[in-house]
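Novice: Have a look; sequence and predicted model below, questions after that.
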Amino acid sequence: MLSVADAFAITQQHLLTLPAESIPVTEATGRVLREAVRADRDFPPFDRIAMDGIGISFAAYASGQRTFPIIGRQFAGQPPQTLPDPTACLEVMTGAMLPLEVDTVIRYEDVTIADGRATITLNDIEQGQHIHRRATDRQAGDELVRVGMLLGPSAIAVATSVGQAMLSVTALPRVALISTGDELVDVDEAPLPYQIRRSNTYMLRAALLSLGIKATLHHIIDDEQVLADNLAKLLAENDLLILSGGVSAGKADFVPAVLAQLGIQKQFHQIAQRPGKPLWFGTTSQKTVFALPGNPVSTVLCAYRYVMPYLRASLGLVSAAPQYAQLAKPITFRPDITYFLPVRLTSEPDGRTLAHPLPGSGSADFANLLDADAFMELPADRSEFGVGEAFPVWGK
Ligand SMILES: Nc1nc2c(c(=O)[nH]1)N[C@H]1C(S)=C(S)[C@@H](COP(=O)(O)OP(=O)(O)OC[C@H]3O[C@@H](n4cnc5c(N)ncnc54)[C@H](O)[C@@H]3O)O[C@H]1N2
Ligand code: MOO
Ligand SMILES: [Mg+2]
């Protein structure tokens, strides 16, 4: 059976091709940048006063002068003044342009002001202090925000500072989430004794929202023809279908056969892993289908380990290395398959991240996931996993 690494690699070889779109910077949080943001001017764009105080000519200070007549004020938002007399000073405000002939700033805290004169009370004044020199942070034309960056508050601040009211980001895919199964009723319905409320597609919708994707919700009964008709329509209207249930060995598990019938090329079915063994993945040149096993813990695992990384990569997000944690308790798992162990993660004072096992009672025990933050990926080729050993963990 296919290994986790091979299955993952196959999904990553069939990413969605998503166009770029231009959107207002106010809407861009959480989106992925497609065109680099560059500095339109130097950062800072002029020699900038960094502290409120007085501006002097250092030569006067060096020659022993400590008291300076104040001959004016340089405010932020004004063109630069000139210090006409090197033995005088100007009051200068943070964010203002450096006045001509001023080369040193002394904070108000380090002077006393009386009768229109400022007297320096500090001994070690350095030439050029408290001046944020032009272009010392970035130069005009420098790349500031890189392609593939997830736009957060700092990137938004930088983009607006260089005048980008619009940003080029990856367009979001159209995604349909489809639950299957005659036993399932919707959230606002009262289940009969042999029914349950469906939750998997709601879980997936919540997960996709973290990437800004507002997927639509659908439900299809266990009938081959109804499934085929509905899936054909949803395929035409979407880039990605994510199904839940109907992919295993039951007599009402029609999903793989119907997807094949609709011309979706199966890339794999079944992975050597627990939970989530029956995961099905297929593509056409334009569309992708993930058919996730119906057990709720399997759905969550497959979302974290395959679907979310698939979407991140399709959006062009520069991928972060997987996170690792150390096992807090020994674990034995004998089957020769990858075990995704639900864990609660804690951050220790010494800097370690510990993974506390919460095995739960199997892949239908999704209430267990309320206490778990992630799944720890325990490799297939061993059965004993010791305290302190580090393995990748997969969460939201
Ligand atoms: N003979 C075998 N039986 C099963 C195998 C196997 O290899 N051989 N695999 C098991 C594994 S592992 C899993 S996982 C499940 C996968 O089942 P399906 O994908 O076919 O899903 P269903 O049969 O439709 O449902 C399974 C289970 O999940 C519940 N479910 C389904 N959809 C939802 C939903 N939207 N929200 C909440 N719960 C849902 C459903 O009621 C069932 O209890 O198969 C094993 N069997
Ligand atoms: O993969 Mo199934 O996920 O064990 O229930
Ligand atoms: Mg089934």
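Specialist: Cool, got the structure. Ligands and ions are numbered 1, 2, ... in the order given.

Novice: From here on, just use CA atoms for contacts and neighbour counts.
Specialist: Noted.

Novice: So out of everything in the stretch 1-150 of the chain, what residue is nearest ligand 1?
Specialist: M1 (12.0 Å; C-alpha to the nearest ligand atom).

Novice: now that residue: how far from D336?
Specialist: When C-alpha to C-alpha, to the nearest Å is applied, the distance between M1 and D336 equals 10 Å.

Novice: Overlap in contacts, these two.
Specialist: Common neighbours of M1 and D336 (criterion: C-alpha atoms under 8 Å, 6 or more residues apart in numbering): A272.

Novice: Mind giving me the packing neighbours of the longest strand seen in the chain?
Specialist: For the chain, the strand with the greatest residue count under DSSP state E is strand 338-347. Using 3 or more C-alpha pairs under 8 Å, 6 or more residues apart in numbering; DSSP states H and E, the elements in contact with strand 338-347 are strand 273-274, strand 353-357, strand 374-378.

Novice: got the contact list for the shortest one?
Specialist: Outside strand 273-274, the residues within contact range by C-alpha under 8 Å, 6+ apart are 3-4, 298, 337-340.

Novice: so which of those is the most crowded?
Specialist: Neighbour tally across those (other C-alpha atoms under 10 Å): the maximum, 27 neighbours, falls on S298.

Novice: so how far is L341 from the residue nearest to it when sequence neighbours are not counted?
Specialist: Nearest in space to S298, with sequence neighbours left out and distances taken as C-alpha to C-alpha, 6 or more residues apart in numbering, is G276 at 4.4 Å. Applying C-alpha to C-alpha, the value for G276 to L341 is 12 Å.

Novice: Also L144?
Specialist: Computed as C-alpha to C-alpha, the L144 to L341 distance reads 40 Å.

Novice: T26 too?
Specialist: Taking C-alpha to C-alpha, one finds T26 at 40 Å from L341.

Novice: of those two, who's got more company?
Specialist: A direct count of neighbours by other C-alpha under 10 Å for T26 and L341 places L341 higher, at 25 against 11.

Novice: Next, the contact list for the more buried one, please.
Specialist: Going by C-alpha under 8 Å, 6+ apart, L341 touches 357-359, 375-378.

Novice: And K277, by the same measure?
Specialist: Counting by C-alpha under 8 Å, 6+ apart, K277 makes contact with 270-271, 293.

Novice: tell me the phi and psi of the closest residue to K329 other than its chain neighbours?
Specialist: Nearest non-adjacent residue to K329, counting by C-alpha to C-alpha, 6+ apart: V387, 5.1 Å away. Taking degrees, to the nearest 10, you get phi -60, psi 130 for the backbone angles of V387.

Novice: OK, contacts around V387?
Specialist: Contact partners of V387, counting by C-alpha under 8 Å, 6+ apart, are 326-330.

Novice: Can you check what pLDDT the model gives the residue of the stretch 1-150 of the chain closest to ligand 1?
Specialist: pLDDT, M1: 93.

Novice: go on, V318?
Specialist: pLDDT, V318: 87.

Novice: I'd like the numbering to begin with 54 instead of 1 from here.
Specialist: Fine by me, first position is 54 from now on; the one you just mentioned is V371.

Novice: Can stretch 235-243 be said to contact ligand 3?
Specialist: No: in terms of C-alpha under 5 Å from the ion, no part of stretch 235-243 sits within range of ligand 3; the closest distance is 11.1 Å.

Novice: Check the offset of that stretch from the chain's centre.
Specialist: When distances are taken as C-alpha atoms, centre = their mean, to the nearest Å, stretch 235-243 is centred 33 Å away from the chain's centroid.

Novice: Could you do stretch 330-337 as well?
Specialist: With C-alpha atoms, centre = their mean, you get 26 Å for stretch 330-337.

Novice: Ok, stretch 68-88 next?
Specialist: Remark: stretch 68-88 is offset 13 Å from the chain centroid, using C-alpha atoms, centre = their mean.

Novice: What average pLDDT does it get?
Specialist: 97.

Novice: Going by neighbour count, which residues in that stretch are buried?
Specialist: 68-70, 73, 75-76, 78, 81-82, 84-88 (16 or more other C-alpha atoms under 10 Å).

Novice: Out of those residues, which comes closest to ligand 2?
Specialist: Distance from ligand 2 was checked for each of the buried residues of stretch 68-88 by C-alpha to the nearest ligand atom. The minimum falls on L68, at 23.9 Å.

Novice: in what helix or strand does that closest one lie?
Specialist: For L68, there is no helix or strand it lies in under DSSP states H and E.

Novice: Skipping its backbone neighbours, what lies nearest it in space?
Specialist: Leaving aside its sequence neighbours, L68 sits nearest to S367 (C-alpha to C-alpha, 6+ apart; 5.2 Å).

Novice: And for L153?
Specialist: Leaving out its chain neighbours, the residue that sits closest to L153 by C-alpha to C-alpha, 6+ apart is T135, at 4.5 Å.

Novice: picking that back up, show me what contacts the residue nearest to L68?
Specialist: Neighbour list for S367: 68-71 [criterion: C-alpha under 8 Å, 6+ apart].

Novice: what about 7 Å?
Specialist: Counting by C-alpha atoms under 7 Å, 6 or more residues apart in numbering, S367 makes contact with 68-70.

Novice: Got the confidence number for it?
Specialist: 98.

Novice: ok, then the element right after the particular helix or strand that has it in it?
Specialist: Per DSSP H and E, S367 falls inside helix 361-368. For helix 361-368, the following helix or strand on the C-terminal side (DSSP H and E) is strand 376-380.

Novice: and the angle for that following strand with strand 406-410?
Specialist: Going by axes from the mean of the first three to the mean of the last three C-alpha atoms, to 10 degrees, strand 376-380 is angled at 60 degrees with respect to strand 406-410.

Novice: Contacts for strand 376-380, please.
Specialist: Applying C-alpha under 7 Å, 6+ apart, the set of residues contacting strand 376-380 is 406-409, 439-446.

Novice: before we move on, back to that, the longest strand of the chain and ligand 2 in contact?
Specialist: No: judged by C-alpha under 6 Å from any ligand atom, strand 391-400 and ligand 2 are separated, with a smallest distance of 10.0 Å.
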